[in-house]
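Undergrad: Model the structure of this input:
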Amino acid sequence: MIAEIAHSATGIDIHPGADIGASFFIDHGTGVVIGETAVIGQHVRVYQAVTLGAKRFPKDEDGALVKGNARHPIVEDDVVIYAGATILGRITIGKGSSVGGNVWLTHSVAPGSVITQSQAKNEPPPQQALLAAAVAATH
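TA: Predicted coordinates:
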């Protein structure tokens, strides 16, 4: 109920199950959506119309949706996510990274990455993919 009142007043939709660190900052928050199992580190900045969402619910052997699994992104400390970015799935955005405006991202990125639209369209380079996998394995 409180989340619905806040969404109506601000245009920001944060699921109460999201884990959000200290000094989280939303600038021009209209359209920001943060999913239930999202994890947001400290000193993270997010701009308008950013989505931290799930790609899909997994299905069991009978085809029924399996709920309760972590399915939203992990955003580590000191990350900036610019307007209109969509980050989907249980991926990790490494510490100190910057995700550009209107980026659609479905793979983990290593700490210190700068992701633009042209970079997000391609799979990460092999070294970056290995680093991202190592980062994801530690969480």
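Undergrad: Counting neighbours, what do you get for the residue lying closest to residue 35 once chain neighbours are set aside?
TA: Closest residue to residue 35 apart from its sequence neighbours, by C-beta to C-beta, 6 or more residues apart in numbering: residue 72 at 3.7 Å. For the C-beta atoms, the positions are set from N, CA and C on the backbone; glycine is no exception. Using other C-beta atoms under 10 Å, residue 72 has 26 neighbouring residues.
Undergrad: How about the one 4 residues further on?
TA: The tally of other residues near residue 76 (other C-beta under 10 Å) stands at 21.
Undergrad: Same check on residue 33?
TA: 17.
Undergrad: Low-confidence stretches in this structure?
TA: Applying pLDDT under 70 to the chain flags residues 1, 3, 7, 120-139.
Undergrad: From residue 38, how far off is the residue nearest to residue 35?
TA: Distance, residue 72 to residue 38, by C-beta to C-beta, to the nearest Å: 4 Å.
Undergrad: where do the strands sit along this structure?
TA: 13-14, 19-20, 25-27, 33-34, 39-40, 45-47, 51-53, 74-75, 80-81, 86-88, 92-93, 98-99, 104-105, 114-115 (DSSP state E).
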